[in-house]
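1. Pasting the sequence and the predicted coordinates here, then a few questions.
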Amino acid sequence: MYQALYRKWRPSNFSDVVGQEHVTSILTSEVEHGKLSHAYLFCGPRGTGKTTCAKIIAKAANCLSPVNGSPCGVCKACLSIEAGTATDVIEMDAASNNGVDNIRELREGVVYTPADLKYRVYIIDEVHMLSISAFNALLKTLEEPPEHVIFILATTELHKIPATVLSRCQRFDFHRVSMDAIVGRLETVCKGESIGAEREALELIARLSQGGMRDSLNMLEYCAGDGGVITVEKAERLLGAASRTLLSAIADAVASRDTAAALSVIEDIYMSSRDIAVFWREWIAFCRDMMIALSTRMAGVRDELLKASAERFTLPGILYLLEIFMSAETDMQRSPANARLYAEMALIRACDATLSSGNDALLARISALEDKLATGNFTAPRKEPQKTVQEAPSEPSLPMMTEEAPTPKVSAPKKETASAEKPAPEKKTQTAKTIGGGRTLKGFKKWQEVVRKLSPTEGLFSPFLQMAYAYEGSDGKFYLFFENQFGVTLLTDDKKKTIANAVNAVGGTAYIPSDIIGSVQEDVGGIREPIDDLLEMDETVTTQEP
């Protein structure tokens, strides 16, 4: 009869167990020196060898001629336990035998001596499924069992085990098996079973198994079902995994803020009937790999696609994206039917940071701007210098706010073009105008002097200050009008304090931080107005050509 690979290749001695050397070394020593405990508790993720080690202990404890702490595998006791015919080794699934009556029945059998072996071994799998009454019924027997009895409890959820049970057992924590160890074991199995497989395909299987040796063997068997060579493309298709090329492509789309390209990936996955939730886990794992690569400055990164993708992000940016993607994964678990919607929403927010609020989104946007400045890809917008502004014949009605103030007509004398190193010219701003509530705004003529004073310390904020318009209000406030909302967002309380101090030093004023008002479109008197409509051109103003 055909046996599944995970059963056929189950380790028969401690030296064959993969990735649990910290457990097998102690158990081997205990068997070799005859110091086996009366109760063990094996805890850890699924498929990491808990039940396998329990059966090896059962064989080693009853082996007629153990070899270096491991069972010989050829004596009568070893063969009967391996075949599952030994009546003195009792395996119990606590998930289906979790009542107090089941434990009472177990207690009644404990008192009898073994029929054929030296020890009677009870292996209770998924022991956390026992009821409280069942645990209480087991306590006394677990604390002082007969000399011929060994209890081995196994669980994947240690936190559900009562402390009274933990204190009566010798506990071993099984770890997830490393990717390299799984790949090595899969190569051994492929060689023994004459299965052709690319190493990259085995690495994909190892990654998808999430540290579970049994899961990796099951996936290997599935991929080898048609008898052909297991390639990366074949494994990706059969297991529903995302290729590194696909993950790199979606990373490039997010880095480029290309929402359409990012959404097209989700569309392709959906139309190919692949599980979006599985892809999303792979995508989060890829983002995590990029985060680690950025944190370690690419130390030890061998994946060129991963390295190229990581170089397009900053660490604050990738941390911000991970929060978005992990939140979407939580939503998918709560509502699997809407997995596609949650994935698309997350990618849209990732491609457009302005759609998200909060400090993390702001930090991500600032980080992106700093990256542009560092690489020389950022150019601060500049306005054409104003030459001569004629007084408006009459005050126009106040229209709705627009994105940018219209540029006044100018007439300029011919001058030589100034070099880029020259400081920005003084902007002489317009004089007063009465607006809603009887307030007036008066241009602050020394604003560029303030900007030059602040430029050495303000860094990223300096271009926004340079292009801002500054006005003194009759209400005692100092108004700054920026070209876009991002400038207003950067105007934090600390920035206001710095600006107030600089304005006071240059203009001899006495503003406090709360007097600094930033806006793109200031709501004055209940009417939203553009900058030019906040002023009445009462006099002709000339400026220098830069």
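-> That came through fine. Note that this is a predicted model, so its numbers are computed, not measured.
2. Tell me the spacing between the residue sitting nearest the centre point of the chain and R207.
-> Residue closest to the mean C-alpha point of the chain, counted by C-alpha atoms, centre = their mean, is L322 at 3.5 Å. Separation of L322 from R207 (C-beta to C-beta, to the nearest Å): 18 Å. C-beta coordinates here come from the backbone N, C-alpha and C atoms, glycine included.
3. Ok, G225 next?
-> From G225 to R207 the distance is 20 Å (C-beta to C-beta).
4. Where does the closest residue to the residue nearest to the centre of the chain other than its chain neighbours sit: helix, strand or coil?
-> Sequence neighbours aside, C287 is the residue nearest to L322 in space, at 5.4 Å (criterion: C-beta to C-beta, 6 or more residues apart in numbering). In terms of secondary structure, C287 is helix; the call rests on DSSP: H, G, I helix; E, B strand; the rest coil.
5. domain ranges for the protein?
-> Split into domains by automatic domain parsing, the chain comes to 5-173, 179-239, 244-369, 433-534.
6. With mean pLDDT as added columns, please give those domains in CSV.
-> Putting those into CSV (pLDDT from 0 to 100) gives the following:
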stretch, mean pLDDT
domain 5-173, 89
domain 179-239, 89
domain 244-369, 84
domain 433-534, 77
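7. Go ahead and confirm S29 touches S70.
-> No. With contact defined as C-beta atoms under 8 Å, S29 and S70 do not form a contacting pair (11.3 Å).
8. Just the strands from the stretch 51-200 of the chain, written as ranges.
-> Applying DSSP state E, counting those that start in this stretch to the stretch 51-200 of the chain gives strands spanning 89-93, 120-125, 149-155, 170-173.
9. If you could redo that for the chain, that was the one I meant.
-> All strands of the chain, identified by DSSP state E, fall at 39-43, 89-93, 120-125, 149-155, 170-173, 433-434, 440-443, 469-473, 478-481, 516-519, 523-524, 527-528.
10. now for the second one, which elements pack on it?
-> If contacts are counted by 3 or more C-beta pairs under 8 Å, 6 or more residues apart in numbering; DSSP states H and E, strand 89-93 sits against helix 100-110, strand 120-125.
11. same check, this time on the fourth one
-> Secondary structure elements in contact with strand 149-155, counted by 3+ C-beta pairs under 8 Å, 6+ apart, are strand 39-43, helix 50-62, strand 120-125.
12. Tell me which residues are up against the last one.
-> Here strand 120-125 makes contact (C-beta atoms under 8 Å, 6 or more residues apart in numbering) with 50-51, 54-55, 57-58, 61-62, 88-95, 106, 110, 112-114, 130, 148-154.
13. Could you identify the buried members of these?
-> 50-51, 54-55, 57-58, 61-62, 88-89, 92, 94, 106, 114, 130, 148-154 (16 or more other C-beta atoms under 10 Å).
14. Buried residues in stretch 263-277, which are they?
-> L263, V265, I266, I269, Y270, R274, I276, A277.
15. Would you mind pulling the contact partners of it?
-> 240, 242, 246, 249-250, 253, 279, 329, 332-333, 336, 339-340, 343-344, 347-348.
16. Give me the number of neighbouring residues for the residue lying closest to V229 once chain neighbours are set aside.
-> Spatial nearest neighbour of V229, excluding adjacent residues (C-beta to C-beta, 6+ apart): G196 at 3.8 Å. Neighbour count for G196, taken as other C-beta atoms under 10 Å: 12.
17. Next, the contact list for G196, please.
-> Counting by C-beta under 8 Å, 6+ apart, G196 touches C190, G228, V229, I230.
18. L186 now?
-> L186 sits next to A197, L202, I205, A206, S216, L217, L220 when contact means C-beta under 8 Å, 6+ apart.
19. G184 now?
-> Contacts of G184 by C-beta under 8 Å, 6+ apart are V18.
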